[in-house]
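*Asks:* Predicted coordinates and the sequence they were generated for:
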Amino acid sequence: MRVQLINKTPNFLRTIWTAGRTCHSAVEPQELFCQDQSESAMLKLIDFLVSQKHLSTLEHCSMTFAVSGVSRTLLAQYSRHRIGVSLSVQSQRYVSERSDRGGQFDFVTPRSIESEAAVECYRQAMADAQNAYDRLCALGVPMEDARFVLPGGITTQFVTTLNLRSFLDIYEKRVRVKGAQWEIRAMVKAMAQELIASEPWLIRYLPEEAEK
């Protein structure tokens, strides 16, 4: 799995502070944005906005991640988060998975598949899927139909853009809620680490411990 923050709104903190102050100020937002404010003063207002659930102010900040080496099973879970989330995914209609284009397709192995017998069973299933896909393509079946035999464990890649409000919601559900599936949990945590590296103050809203 590889996750990289490739674009974002400049200066989340000042953007959210400006949006929040605009709602309760006669001063024009252009002036507010240029005011000399300390980080602690801006954080105090943002803490208040979050505590009061005035979360529309967070929607003015967006981030774009490039993600690769994750399973189609993860993609199915992530795509359920639709509000404030954009997604562009590698197409199996146009990108061939045939073995003569690069060997066995890449796949993700779940952590629970660890015994020798389980690993052998899983790898054989992947090889069988590869063989079936190759044979269907050779028989003239279009890739968009041959892909029906490909497993959920096959890897994919995508670009996703979401606003900060949406990201905090996804983080809550996929990291902090006990029982979240391991692969999407790892991806969202990696997204959070990338974001915190750019906006360190956000660590206060992205605790790693799961809810009780």
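*Replies:* Looks like it arrived, so ask away. On a predicted model such as this, the values are computed, not experimentally measured, just so you know.

*Asks:* Run through who's touching stretch 22-40.
*Replies:* 13-14, 17-19, 21, 54, 57, 201 (C-beta atoms under 8 Å, 6 or more residues apart in numbering). In short, each C-beta sits where N, CA and C put it, glycine included.

*Asks:* same thing but 7 Å
*Replies:* 13-14, 17-18, 21, 201 (C-beta atoms under 7 Å, 6 or more residues apart in numbering).

*Asks:* Quick check on the residues you listed: which are buried?
*Replies:* 13-14, 17-18, 21 (16 or more other C-beta atoms under 10 Å).

*Asks:* In TSV: the residues you listed, plus secondary structure and distance to A186.
*Replies:* Below are the buried ones among the contacts of stretch 22-40 laid out as TSV (DSSP: H, G, I helix; E, B strand; the rest coil; distance: C-beta to C-beta, whole Å):
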residue	secondary structure	distance to A186
L13	helix	27
R14	helix	31
W17	helix	32
T18	helix	34
R21	helix	37
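
*Asks:* How is the protein partitioned into domains?
*Replies:* According to the TED database, the chain comprises the domains 2-88+155-205, 96-149.

*Asks:* The residue most central in space within the chain: what's it in contact with?
*Replies:* A centroid search over the chain (C-alpha atoms, centre = their mean) returns V188, at 5.5 Å, as the residue closest to the centre. V188 is in contact with 170-171, 174-175, counting by C-beta under 7 Å, 6+ apart.

*Asks:* Could you look up the SS state of I184?
*Replies:* Of the three states, I184 takes helix under DSSP: H, G, I helix; E, B strand; the rest coil.

*Asks:* tally of neighbours for it?
*Replies:* When neighbours are counted by other C-beta atoms under 10 Å, I184 registers 22.

*Asks:* before we move on, what about R82?
*Replies:* Count around R82 with other C-beta under 10 Å applied: 9.

*Asks:* circling back: from the contacts of V188, which two are the most distant?
*Replies:* I170 and V175 (8.3 Å; C-beta to C-beta).
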